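In: Okay, sequence plus prediction incoming.
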Amino acid sequence: MQISITVNGKAYSHDIEPRMSLVEYLREILNLTGTHIGCDTSGCGACTINIDGVAAKSCTLLAVQANGASITTIEGMAKGNELHPIQEAFKEHHGLQCGFCTPGMVMTAADILKNNPSPNEMEIRHGLEGNFCRCTGYHNIVKSIQHAAEKMNS
């Protein structure tokens with residue numbers, strides 16, 4: 001099946017198997033390996049991307065469902081060598097350890113801050129409910145998102 005998708009500002013068109021998941025398309029066809037495959041059931045959030053302005057878990061979406069969509073992956077957050085403020089905040093506040101969940105956390109954080117530019121701690125924790133981290137205990141992730149909100153609002 002032929003699909004056309006814009007990913008990180010670049011248009012792509014490929015003939016793919018109708019059963020190919022969106023995360024497989026991103027990783028295997030476009031070689032954008034920052035989007036991770038964790039659980040394959042949308043439970044862990046490691047595969048979170050932005051589709052047409054909304055955070056979505058790409059492991060349970062078919063690539064054909066994204067036909068015509070505009071997608072942002074973790075690779076599209078930075079502008080050249082300049083990290084996005086959320087990425088900077090994760091770096092500055094140690095919001096990552098092993099890094100496996102980090103791309104999904106950053107993409108979810110972007111969605112949280114798009115919808116609520118000044119969230120409190122409970123709103124951030126609620127927004128992160130669909131993303132699992134086994135290393136940090138979330139404390140530094142929450143601090144990172146709070147710091148990113150401050151930077152983006154100033």
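Out: Cool, got the structure.

In: quick one: low-confidence ranges for the chain?
Out: Within the chain, the set of residues satisfying pLDDT under 70 is empty.

In: Excluding covalently adjacent residues, which one is nearest to the residue nearest the centre of it?
Out: When CA atoms, centre = their mean is applied to the chain, the residue found nearest the centroid is M107 (2.8 Å). The shortest distance from M107 to any residue that is not its chain neighbour, by CB to CB, 6 or more residues apart in numbering, is 4.3 Å, and that residue is T48. No exception for glycine: its C-beta is placed from N, CA and C like everyone else's.

In: One more: C135?
Out: Distance criterion CB to CB, 6+ apart; nearest residue to C135, sequence neighbours excluded, is Q97 at 3.6 Å.

In: and the gap between the one you found and S70?
Out: Here the criterion is CB to CB, to the nearest Å. By it, Q97 lies 32 Å from S70.

In: Quick check: the residue nearest to C135 vs M105, distance?
Out: According to CB to CB, Q97 and M105 sit 11 Å apart.

In: what about those two, which has more around it?
Out: Neighbours were tallied for Q97 and for M105 using other CB atoms under 10 Å; the higher tally belongs to M105 (28 against 14).

In: can you pull the contacts of the more buried one?
Out: Listed by CB atoms under 8 Å, 6 or more residues apart in numbering, the contact partners of M105 are G45, T48, F90, G95, L96, L128, N131, C133, I141.

In: tell me which element the last one falls in.
Out: Per DSSP states H and E: I141 is located in helix 139-153.

In: Buried residues in that helix, which are they?
Out: Of the residues in helix 139-153, those with enough neighbours to count as buried (16 or more other CB atoms under 10 Å) are N140, I141, V142, K143, S144, I145, Q146, H147, A148, A149, M152.
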